[in-house]
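>>> I would like to see how this sequence folds:
(chains A and B)
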Amino acid sequence: MSILLLQTLQGFLFVVGAPLVIGVLRHLRARGQLRTGPPILQAYYDIVKLFRKGTALPEEASWAFRSAPYVVFSCYAVAGLGLPLFASPLLDLDLVTLSYLIGLAAFFTAIAGLDLGTAFGNIGSSRLLFLRTMVEPVFFLVIAGLALKWQTTSLARIVQGHQLAPGSYFDPANLMLFAAVCLITLIETHRLPIDNLETNLELTMSYKGTLIEYSGHYLALFEWSESLKLLLMSSLAVKLFFPIDLPMLSNLEWNPLPLILYLMKLSLFILGLTAWELSQIRVRMFQVVEYTLVSSFLALIAIVYIIVTMYFMKG
Amino acid sequence: MPIPLLLLGVCALCWLLGSGLILVPIWPKRSAMRLSLAGAVLGGVAGCVLGAYLVQAPGAERYAVATGVTVRGLFPIEFELYLDPLAGLFVFLLSFFAILIGVYSYSYLIEESNSLEIATVFNLHLFSLLLVVVSNNVFYFLVAWESMTLTSVYFVSYRHNKMTDGVDAPPLPNLAYEEALTSPKIYLIASHISTLFVLIAMLGLAQTAHSYSFADFRTLGTSSMGSLSWIYIAAFTGFGIKAAMVPFHVWLPYAHPTSPANIHAMMSGVMVKLAIYGMFRMFFEFLVPGEWWWGALLLVFASGTAFLGVLYAIFQSNLKTALAYHSIENIGIILAGLGLALIARSATASQPDAAFVASLALVASLYHLINHAVFKGLLFLCTGVIERLTGTVEMELLGGLSHRFPWTTALFVTGALAIAGFPPLNGFASEWLLVQSLFASLGLATNTLSGAAILVVQVASLILLSLAFALTAFCFCKILGTVFFGCRRSESEEATWAQHEVAWSMRGVLVVLAGACLLLGLYPDQVVERLASLTDRLMDASSVWFATTGPSAIQFSIPTHLVSAYRFDLQVIPVFMAGLGLCGIVYLIVVILSWRSKQTRPPIWTCASPLGSTHRQFSEINFAYWVFTLSKGILNGVSPPVVQTRFSFLRDELYHAPRIATVEVFRRGINQGLEFLLSRCEAFGLYIQNGDVRTYLLYVLGIVIFVFLFLIQR
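Now for the predicted structure:
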């Protein structure tokens, strides 16, 4: 199998398989709350239903409102094409570009929330961008730590670096950066202590508030993007720090083992996320700052550790 | 006559003739104004050719045009021109803006009463900017520097002049008038303090080099580093004031918004950058090799500037002022590159590879300088268009412009995306380079006390810069949501807006700038290649640290003392193409999947209010509530913004949200300091000037004795 086909398959699976992750998460969560819960494929049913249902496009909507779903979707999909899931990625993305792509998606979501001038949309945009502002420095600190450790910010090269340095998974710096990325994932994907995606009360919405006027295929795209975002962030967490399974980047042979291992790690991560969410209640907006402070301190300690062990000892 | 000199002569002559038109009585004034602008454009074309030629040129060329004054006892003052790639870059930028603003003003200035004055002073301003860039001598540099300040004071006092002429009634009587009155004064005072410090630095160098020529400064070398630190501090302060670095930035938000919008673009895009040009000359050509704390000091101030600039920008309700604060932020980002380069340069003694990092940081800095000029020019000229279309730049009065003015909206959105640093526009490429050079310079950490101090500074600046990047996106989302999207804020205001977009000549200029934003972002390889040859010469690094690997993909490889080199790739076009392709595919999928479903256009749900959402949408201050609450201490605001529930049914009354009066900590500090100083001076003056004839006779006696002593000593 040629490498290009494999890479395309990887990108395709990322985009198409993303709603499954949301479905699994919701199902597990319902089970944890002793409910039967929706079937695992419910997210797909929802998306298809929304596509077929017909769209109510508000009178006052401008092109920002109409283009936002496409921009957001392709931002996350492009970011997904840069992930080395079980083969080397189609695009050689680096983490700084990735962070800006996520930022672009948030920017367009916020613009869409502001476009109609409804109060709930405005509240949602304001909160969404505030959270994004809180996350960005932490993300940059994590990238700085990784850049210092692996002398690169390219996703594929970091993964390669891990494979050339066995035992790097349980390096304290690696673990601390992983913890920081987990906290970032919670905020970026609107998980429970920060935001509750299942809420029906508009006043408490942050991300969902921006989408309040969307319907039909626009909403379907947003639902899909949301699952892409979850898959993107969780894959990033398991891939950047524990890439146990990747075939060597030059290896052209098809090998099902990396895919299986990746799916196992992802399931573990989702399981952990479910357990975490079950034990949490929503915090106030300003308490998010505490989460970002914790994660930035973790990243800072990791940076200091890396510099002391790698640079001071040798230099 | 060599070609560059000829081009320079044509350029300078066009601008001088353009400014001389005010002396010639041509009637009607409008044709004189157009003739003058044509001079600006023609000179700009010549300057662009010159700049492009110089940037490509292999080395620097010096021309002694005429031997000037030689006063006995002083160093000879010769009029000398210095044309090197760095000067070429700035000449190009300046001339590019001369062309664009010349064309833009052609329609923009028609509605002004004193359009001829503005056009001619604009030409004079261009000429003095050119002289700053090419002069190679302390005397002529300072003369040009001063004339640059004086010509721009005319523009700063523009709104004041307009108000006193009674042509334009101020929209918000008290506040705006007060500001228009004080801004030229504040600008003049700040500029002259800046010139004072620049003068001190230049004279210090002249004293060390025993010459007024920059050529001798360049060969100063490593004679006595200890004594050069005070020159660094003086230059840092002088150029820092002019570049609006944070504790010294107080003049800029006063001065820039009161100038006309077309000139505002020039001042923010080019004039402020000349302070950075001065820093380049000073720090990287004259004061070599420097000490370790120079860069750390600059980096601290730079990242503080970036962060605080954008933080203050968020709480401005005037579009022009908000953009002026964003200029401060971007100056901070540019200076951060300079600071990193200084840090890396001081490390070259122990780690020779640090020169590559320094070169990379300088490339990032220069790249962002160009980018900022382009996207900020776009945003300012858009603001000018908005002012023409609606008659105001108060965000509270605007809203929903996207429905009536789609061109202006699209162009402003392009500028906003560029300044917020989103791919594939140009802000992304330079911010990416800057962040990477910051990472690379973190790797230069050494096991010493100074190394640890630098590390702390670098990590702090990483946090502040990334906060600044995120807050820029926040602020521009706020501006877009308030001004362009959402719905109108007042029906009575909307009735006064223009029916159609502005003239095509103005729109064309904006389209050119937006195109430049896209091209500079899509082809970073071309830009980096040219800039790297320039910075490598400054840094004595050979140009091996980057390679273009296909269109718009660059690979950087910086050797480190670790096992592997620091490597990173920049790929913009693949990401952009993938994004576009995915958008297309998704669109097709959507069309196929929602084939039979129908689309309706209902009105939005407005909670049964008869007024629509005009009264319910956020004001720009409410949008920034979260940021405000967290940064109250820094902002020193007066009252927190609250979402007011007061709104009247059935009356389309303008809804005024409470405004946060952000009294800047620095502005207050400087005010109090000045007040203290002035009151002390006043007391001292009163003490001396006590009005008694005998005291004055005593002074005369003292002076006579002093003069005698002085003569005896000679």
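>>> ok, which stretches of the stretch 101-250 of chain A are strands?
Ranges of strands in the stretch 101-250 of chain A, per DSSP state E, counting those that start in this stretch: none exist.
>>> nearest to chain B: which residue in it?
residue A:114 (3.0 Å; CB to the nearest CB). For glycine as for every other residue, the C-beta is placed from the backbone atoms N, C-alpha and C.
>>> residues near that residue, how many?
28 (other CB atoms under 10 Å in any protein chain shown).
>>> gap between it and residue B:406?
17 Å (CB to CB, to the nearest Å).
>>> so how many other residues sit close to residue B:596?
Other residues close to residue B:596 by other CB under 10 Å number 7.
>>> so it, which state does it fall into?
Classification of residue B:596 by DSSP: H, G, I helix; E, B strand; the rest coil places it in coil.
>>> list the residues that contact residue A:46.
A:220, A:223 (CB atoms under 8 Å, 6 or more residues apart in numbering or on different chains).
>>> and it, what element?
Secondary-structure assignment from DSSP states H and E places residue A:46 in helix A:42-53.
>>> mind listing what's buried in that helix?
A:43-44, A:46-47, A:50-51, A:53 (16 or more other CB atoms under 10 Å in any protein chain shown).
>>> run through the stretch 601-714 of chain B and note the low-pLDDT ranges.
Within the stretch 601-714 of chain B, the ranges that satisfy pLDDT under 70 run B:607, B:609-616, B:633-664.
>>> can you do 80?
When residues are selected by pLDDT under 80, those of the stretch 601-714 of chain B lie in B:604-622, B:625, B:628-629, B:631-671, B:713-714.
>>> and the stretch 151-300 of chain B, by the same measure?
Short version for the stretch 151-300 of chain B, where the test is pLDDT under 80: B:159-181, B:220-227, B:289.
>>> my read: residue B:566 touches residue B:558, true?
Yes - Residue B:566 lies in contact with residue B:558 (CB atoms under 8 Å); the separation is 4.3 Å.
>>> name the residues contacting each of these two.
residue B:440.
>>> surely residue A:299 touches residue A:145?
Yes - contact status for residue A:299 versus residue A:145: in contact at 5.7 Å, counting by CB under 8 Å.
>>> and the two? Which one has more around it.
residue A:299 (30 against 27).
>>> that one belongs to a helix?
Yes - under three-state DSSP, residue A:299 sits within a helix.
>>> who's in contact with it?
A:138, A:141-142, A:144-145, A:176-177, A:180 are the contacts of residue A:299 under CB under 8 Å, 6+ apart.
>>> try it again at 10 Å.
Listed by CB atoms under 10 Å, 6 or more residues apart in numbering or on different chains, the contact set of residue A:299 reads A:137-146, A:173, A:176-177, A:179-181, A:183-184, B:459, B:463.
>>> now tell me which helix or strand of chain A has the poorest mean pLDDT.
helix A:155-164 (a mean of 85; mean pLDDT, DSSP states H and E).
>>> please give the element, helix or strand, for the spatially closest residue to residue B:424 that is not a sequence neighbour.
Leaving aside its chain neighbours, residue B:424 sits nearest to residue B:576 (4.0 Å; criterion: CB to CB, 6 or more residues apart in numbering or on different chains). Under the criterion of DSSP H and E, residue B:576 resides in helix B:573-593.
>>> for that helix, give the mean pLDDT please.
Mean per-residue pLDDT for helix B:573-593: 88.
>>> and residue B:665, how far is that from chain A?
21 Å (CB to the nearest CB, to the nearest Å).
>>> how many neighbours does that residue have?
14.
>>> ok, it to residue B:626 distance?
21 Å.
>>> also residue B:303?
Residue B:303 is 22 Å from residue B:626, by CB to CB.
>>> swap in residue B:97?
Residue B:97 is 37 Å from residue B:626, where distance means CB to CB.
>>> so if I had to pick from those two, which one is more boxed in?
Neighbour totals were compared for residue B:97 and residue B:626, and residue B:97 leads with 26 against 20 (other CB under 10 Å).
>>> now for residue 52: which residues touch it?
You didn't pick a chain, so chain A it is. Taking CB under 10 Å, 6+ apart, one finds A:216-217, A:220, B:593-597 in contact with residue A:52.
>>> you looked at the wrong chain, it should be chain B
Here residue B:52 is in contact with B:88-89, B:91-92, B:95-96, B:530 (CB under 10 Å, 6+ apart).
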